[in-house]
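J.: Please work out how this folds:
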Amino acid sequence: MADVPPESTQQAVGYPSLFLLVVLGALVPVVPTGAVVSSAAVVAFHQSSPFALLIVFAVASFAAFLGDLGLYWLGSRGTHSRGGSRWLERLRARSAPERLEQAQQKLRAHGVLVLVLSRLVPAGRIPIMLACLLSAMPLRTFARGDLPACLAWAATYQLIGLAGGSLFGEPWEGVVAAVALTVVVGAVPALWRRLRPRQQHGEA
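T.: Residues are numbered from 1 along each chain as shown. Just a heads-up that it's a prediction; the model follows:
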């Protein structure tokens, strides 16, 4: 029996794992899906297949879209039924009141276009999704705005992975660099939000 090439084994395990992790991260927003996509892009960059990066992009964006739709559907059930209310409450618990208010203002001003930006801003997805739920936005309307958001998100984190992977000869080194870069990208907005009130208080 012929030996299975290591690259084929990586693909057989890696793509389903990428899909499951991104879907899980969309449904339960504790999985660092950006780092997962960046790491997968690094591994794909070092493979010989010219389609590896394209497959990573397709799998990541579809998984994010499917997970978002699932979470939105569960949240919408919470606005109509007692059994689904726990999902809506979980979303509320993960969104600070001031961020929810800002998200509602942006949604009223820009409509579903704000979904694209919410996917690119770390921790911006949940407040916007909650604002959409509270405004009773239909699932179909949400999906139209969320699809380009997921495509842009997958492309952005794949580029981060490529930036890390292209600097090193070994895939594991690129994965470490990509994860570190993803953590930095995610930490900067949170750090800015913490420092800004202090600066405003000092100027007052």
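J.: any low-confidence regions in this structure?
T.: Scanning the chain for pLDDT under 70 picks out 1-13, 48, 78-88, 165-204.
J.: where along it do the helices fall?
T.: Applying DSSP state H to the chain gives helices spanning 6-27, 33-45, 52-78, 85-93, 97-110, 114-120, 125-134, 139-165, 171-203.
J.: May I see the buried residues of stretch 107-124?
T.: 107, 112, 114, 115, 116, 118, 119, 120, 123, 124 (16 or more other Cβ atoms under 10 Å). C-betas here are computed from N, CA, C, even on glycine.
J.: In this structure the third one contacts residue 107, no?
T.: Yes - with contact taken as Cβ atoms under 8 Å, residue 114 and residue 107 are classed as touching, separated by 5.6 Å.
J.: overlap in contacts of the two?
T.: Here residue 114 and residue 107 have residue 128 as joint contacts, going by Cβ atoms under 8 Å, 6 or more residues apart in numbering.
J.: Could you report the neighbour count for residue 136?
T.: Neighbours of residue 136 under the rule other Cβ atoms under 10 Å: 9.
J.: Backbone dihedrals for it, please?
T.: phi 60, psi 40 (degrees, to the nearest 10).
J.: if you compare the helices of the chain, which one is most tucked away?
T.: Among the helices of the chain, helix 33-45 has the highest mean neighbour count (mean count of other Cβ atoms under 10 Å), at a mean of 26.
J.: now residue 162: how far from residue 52?
T.: 12 Å (Cβ to Cβ, to the nearest Å).
J.: between those two, what contacts are shared?
T.: Common neighbours of residue 162 and residue 52 are listed as residue 45 (criterion: Cβ under 8 Å, 6+ apart).
J.: Relative to residue 145, which of the buried residues of stretch 107-124 is nearest.
T.: The shortest approach to residue 145 among these belongs to residue 112, at 2.9 Å (Cβ to Cβ).
J.: So the closest one sits against residue 138, correct?
T.: No - in this structure residue 112 lies outside contact range of residue 138 using Cβ under 8 Å: 10.7 Å.
J.: Between which two of the buried residues of stretch 107-124 is the distance greatest?
T.: Among those, the pair separated by the greatest distance (Cβ to Cβ) is 112 and 123, at 19.5 Å.
J.: ok, back up a step: for the buried residues of stretch 107-124, give me a markdown table that also has distance to residue 38.
T.: A markdown table is the format used below for these (distance: Cβ to Cβ, whole Å):
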| residue | distance to residue 38 |
| --- | --- |
| 107 | 28 |
| 112 | 26 |
| 114 | 24 |
| 115 | 21 |
| 116 | 19 |
| 118 | 19 |
| 119 | 15 |
| 120 | 14 |
| 123 | 17 |
| 124 | 18 |
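J.: distance of the residue found closest to residue 151 once you drop the neighbours it is linked to in the chain from residue 54?
T.: Excluding the flanking residues, the one nearest residue 151 by Cβ to Cβ, 6 or more residues apart in numbering is residue 61, at 5.0 Å. Plainly put, residue 61 is 11 Å away from residue 54 if you go by Cβ to Cβ.
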